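Engineer: please work out how this folds:
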Amino acid sequence: MKREHFLKTIAAFAGGLTVVSCSPDLLEEIVIPEETALENLSIEEAQKWFNNVYLPKASILRVASDDKKHRRKAAWSRAKKPKNSKNKELGWVWVPIDYEDSARPGVVLYDEETKYRLELDKYFLQPVIEGLIVIKVKNENKAFLAQIAYDPFELEANEYKLEKDKFTGTLLRTDWNDILIDGTSYSKGKNVGSFINPENNAFKNARIENCTYYSVNYQTWYIDNGVFTVVAHTAWSTVCDGSGNGGWGDSGGGSGSSSGGTGGGAYYDPLVSSGGGGTGGWVYPTNMLYNFNLANAIATNGTDRLNMNVNVTRTLYVVSLATTITGWSLDKATALARCVGGNVNSYCPLASTLGKRIGVVGVLVSGTQLYMGIADNGWQWNQDGWNLAQLVLGGTALAAATILAAPWVAVVAGGISIGIAVYTRP
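Structural biologist: Predicted coordinates:
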């Protein structure tokens, strides 16, 4: 591992990601939807307008919504005018965010078929890295929060390097009170869909009858004494799948409760190659989600395996696979992979053999390759069972697994069983 990469990885755990400075194009993607040419705007002018015009209006709306929201402050002393590769200013002002407590924003995206993500929010939460952007268009100043909501499991799989060509997560624009304007979702660097808040004034006259609706739920997360906690939404918005610019008008949405711990401090600044500092610069640590040691769970039957099996069982019931596996999908396979602390490595749809329906998902956990097999109850997850599964699935998921050591039945729940095997190289 190169020293630079090593230091960045350590910084990701210790005080905040420092890698976006190597990939500022993620921020540019958020600003680009404003198609009108940006006019020159100084930091001093932006600060004066924001404090005297924008913020008082936002504060009134916050009081009216009777919601605590996130206690953020614009850190104008660290504001910058970003520059391109030719050292030319891009025309907009970037302002890092400080927080007054330990609560941090995050989002969970779901649709009608994936509402279970809300119950499994720890596995599907995308923590938000954010900053204030102020621009001038047609002699009018405008402001929004630029939010990079990243998938922590995919980030871990990418060795904690946040790069546009491998980015999995969501780029969002919201107002100061977490009311969504618009956003774009990415999977492994590919744009998989844009959305707009239909309550946004600029979008109200658009044709939305044929849109597919899904939701962006804003959540609050914090770390207290090494324990990762997700609490109720601070705000949520129903959005409409579409394209184009969502505009800048006031927008609607619901509100809920929020909570946080003590402590605060600076957050991560994507334009500065340094950590946020203090206790407030946390990066979402996936290893804090689990109350078991996976290596121990793999090695022997005991408390760690029992705790892991509790996670698996709960996930099975939440995603409705405990009663029937006909709804087996990549998203549900992802939920199973994450409930044991891993990331999906390979996935196969259902196949049938001996009158049983089976499916397999490959799970990579800290360099250890596992295979999780799901089947109608009565399937024997032994060595012969795995070999037959490999044959029926055409070797798609298990082609490399010439030896599957110590397979066991992790869970029998309802009408299905889940087996886990460890891949060991011959």
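Engineer: which strands and helices sit next to the one helix or strand Ala46 maps to?
Structural biologist: Here Ala46 sits within helix 43-49, counting by DSSP states H and E. For helix 43-49, the packing partners by 3 or more CB pairs under 8 Å, 6 or more residues apart in numbering; DSSP states H and E come out as strand 93-99, strand 140-150. C-beta coordinates here come from the backbone N, C-alpha and C atoms, glycine included.
Engineer: next SSE after the first one?
Structural biologist: Spelled out, it's strand 93-99. strand 104-110.
Engineer: and the angle for that next one with strand 93-99?
Structural biologist: Comparing the axes of strand 104-110 and strand 93-99 via axes from the mean of the first three to the mean of the last three CA atoms, to 10 degrees yields an angle of 100 degrees.
Engineer: give me the sheet partners of strand 104-110 and which way each runs.
Structural biologist: Looking at strand 104-110 with DSSP bridges, its partner strands are strand 126-137 (antiparallel), strand 213-224 (antiparallel).
Engineer: residues of the helix holding Ala46 that come out buried?
Structural biologist: Ala46, Gln47, Trp49 (16 or more other CB atoms under 10 Å).
Engineer: in the protein, which helix or strand is least confident?
Structural biologist: helix 3-14 (a mean of 30; mean pLDDT, DSSP states H and E).
Engineer: closest one of the buried residues of helix 43-49 to Leu354?
Structural biologist: For those, the minimum distance to Leu354 (CB to CB) is 67.9 Å, reached by Ala46.
Engineer: isn't that closest one up against Ile133?
Structural biologist: No: assessed by CB atoms under 8 Å, Ala46 is found out of contact with Ile133, at 9.4 Å.
Engineer: anything in contact with each of the two?
Structural biologist: Shared contacts of Ala46 and Ile133, defined by CB atoms under 8 Å, 6 or more residues apart in numbering, comprise Val93, Val95.
Engineer: mind listing the strands for the stretch 51-200 of the chain?
Structural biologist: 72-74, 93-99, 104-110, 126-137, 140-150, 169-174, 180-187, 190-196 (DSSP state E, counting those that start in this stretch).
Engineer: mind listing what's buried in stretch 344-357?
Structural biologist: Val344, Asn345, Ser346, Tyr347, Cys348, Leu350, Ala351, Lys356, Arg357.
Engineer: contact partners of that stretch?
Structural biologist: 325-326, 328, 330, 333-334, 337, 358-364, 369, 375-376, 378-379, 388-389, 392-393, 396-397.
Engineer: ChimeraX command to pick out the buried ones of those?
Structural biologist: Per 16+ other CB under 10 Å, the buried members of the contacts of stretch 344-357 correspond to this ChimeraX selection:
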select :325,328,333,334,337,358,359,360,361,362,363,364,369,375,376,379,388,389,392,393,397
